[in-house]
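>>> Need coordinates for the following:
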Amino acid sequence: MRISVLALEGVFDTGLSVTLDSIRAANNLAVRAMGSKKPLFDVSVVGVRKRVRSGQGFLIPVEPITPALKPDWIVVPAVGAPVPELLLPVLDRPDVVEAQAQLLEWNAEGAMIAGSCLGTFILAEAGLLDDREATTTWSLSPLFRQRYPNVKLDESRMLVATDVGVTAGAAMGHLDLALWLIRKASPELATLVSRYLLADIRTSQAAYIIPNHLAQADPLVQRFEQWSRKNLKTGFSLQDAASALATSPRSLQRRCQEVLGKSPLAYFQDLRVERAQSLLHGSGMDVEAIAAEVGYVDGATLRTLLRQRLGKGVRDLRNALR
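Here you go, the predicted model:
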């Protein structure tokens, strides 16, 4: 498998290095532990400029992009711009615009495109994700959703594969993406690399999402978040929430959908999950008492919600937090 990693100015150091290190580990293990006659991956680091510096200021040795370069996969790591006011100027940079055109050219030639964390914004900016499912770093999902309304975003997922390639979630999602690519070539090798690196492919970002961070993207949603936290024990009412916020239920529904990609009730449930997780970790309360704290009459309903949202039961969550 021929993989070209596209390094742009300000590339996220960890994202670039973990991608390259994981694939190098796969090549070494394929030859030394699995008896392969040669490495499975031919990896190059390419750039649209002759000189590329990482986000930490290190000079990245890049190969020029030539017509002879015919990768099977192109991986776009994140750039070091973790907030909207830093990211938006990056997306307008000439080298990034040139990179988008190059991605479209590669895609037209049959190459598959992968992006992780903020690298997914570059794929979306190029139009590669239109009318397709995708994920991105959960922390900038409101910006992604508003900037690319034609993309079917689900930031709760860690990896989303489509006909054009694959997108991965936040920062350390680069590792999940690298393991996914290794698994495409050899599931057995991917398992071996995971054991050596003490890493497994994660399927979800849901357990890492901080709801109030997402709410800060919009004043109305932020006020709804504050109202919700005060009313977790009493329960959800769309009409009561809208009245308290001096807006209409329809307007509240619309803003939550536009910013968060979910209904007010679904976001209220997110806050219940967050509060329940906190109590599971920081209190000696039993499940019935925690359920009452987040507005449920019994622990069974809370157990169902936690398993639906996080894929884990109460015992697993408590064990994970010890």
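
>>> The stretch 101-250 of the chain: helices as residue ranges?
Using DSSP state H, counting those that start in this stretch, the helices of the stretch 101-250 of the chain run over residues 119-125, 141-147, 173-185, 187-197, 211-215, 219-230, 238-244, 249-260.

>>> In a markdown table: these, plus distance to residue 34, mean neighbour count and mean pLDDT.
Bear in mind the C-beta positions are built from the backbone N, C-alpha and C, glycine included. Listed next are those as a markdown table, based on distance: least, CB to CB, whole Å; neighbours: other CB atoms under 10 Å; pLDDT from 0 to 100:
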| stretch | distance to residue 34 | mean neighbour count | mean pLDDT |
| --- | --- | --- | --- |
| helix 119-125 | 30 | 26 | 98 |
| helix 141-147 | 38 | 20 | 95 |
| helix 173-185 | 11 | 23 | 95 |
| helix 187-197 | 6 | 16 | 94 |
| helix 211-215 | 42 | 19 | 91 |
| helix 219-230 | 50 | 17 | 96 |
| helix 238-244 | 56 | 15 | 97 |
| helix 249-260 | 45 | 17 | 95 |
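
>>> Redo those helices as JSON lines? Include distance to residue 20.
Formatted as JSON lines, these follow (distance: least, CB to CB, whole Å):
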{"stretch": "helix 119-125", "distance to residue 20": "14"}
{"stretch": "helix 141-147", "distance to residue 20": "26"}
{"stretch": "helix 173-185", "distance to residue 20": "8"}
{"stretch": "helix 187-197", "distance to residue 20": "13"}
{"stretch": "helix 211-215", "distance to residue 20": "30"}
{"stretch": "helix 219-230", "distance to residue 20": "39"}
{"stretch": "helix 238-244", "distance to residue 20": "48"}
{"stretch": "helix 249-260", "distance to residue 20": "35"}
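
>>> Could you name the stretch from those helices that's closest to residue 280?
Taking CB to CB, helix 211-215 is the member of these nearest to residue 280, at 16.4 Å.

>>> What is the closest one packed up against?
Here helix 211-215 touches helix 219-230, helix 249-260, helix 264-282, going by 3 or more CB pairs under 8 Å, 6 or more residues apart in numbering; DSSP states H and E.

>>> can you give me the angle the first one makes with helix 264-282?
Orientation of helix 219-230 against helix 264-282 (axes from the mean of the first three to the mean of the last three CA atoms, to 10 degrees) gives an angle of 50 degrees.

>>> What lies in contact with helix 219-230?
Contacts of helix 219-230 with the rest of the structure, by CB atoms under 8 Å, 6 or more residues apart in numbering, involve 211-212, 214-216, 236, 241, 244-245, 247, 251-252, 255-256, 259-260, 264, 267-268, 271, 275.

>>> go with 7 Å
211-212, 215-216, 241, 244-245, 247, 252, 255-256, 259-260, 264, 268, 271 (CB atoms under 7 Å, 6 or more residues apart in numbering).

>>> The closest residue to residue 109 other than its chain neighbours: neighbouring residues, count only.
Excluding its sequence neighbours, the residue lying closest to residue 109 (CB to CB, 6 or more residues apart in numbering) is residue 70, at 7.3 Å. Residue 70 has 12 neighbouring residues, counting by other CB atoms under 10 Å.

>>> what do you get for residue 218?
Around residue 218 there are 18 residues (other CB under 10 Å).

>>> ok, it - contacts?
Per CB under 7 Å, 6+ apart, neighbours of residue 218: 255, 259.

>>> hmm, back to that, double-check that the residue nearest to residue 109 belongs to a helix.
No: secondary structure of residue 70 (DSSP: H, G, I helix; E, B strand; the rest coil): coil, not part of a helix.

>>> For residue 65, which of the helices of the stretch 101-250 of the chain is the nearest?
Of the helices of the stretch 101-250 of the chain, the one closest to residue 65 (CB to CB) turns out to be helix 119-125, at 15.1 Å.

>>> other SSEs contacting the closest one?
The elements that helix 119-125 packs onto, with contact taken as 3 or more CB pairs under 7 Å, 6 or more residues apart in numbering; DSSP states H and E, are strand 73-76, helix 84-91, helix 94-108, strand 112-116.
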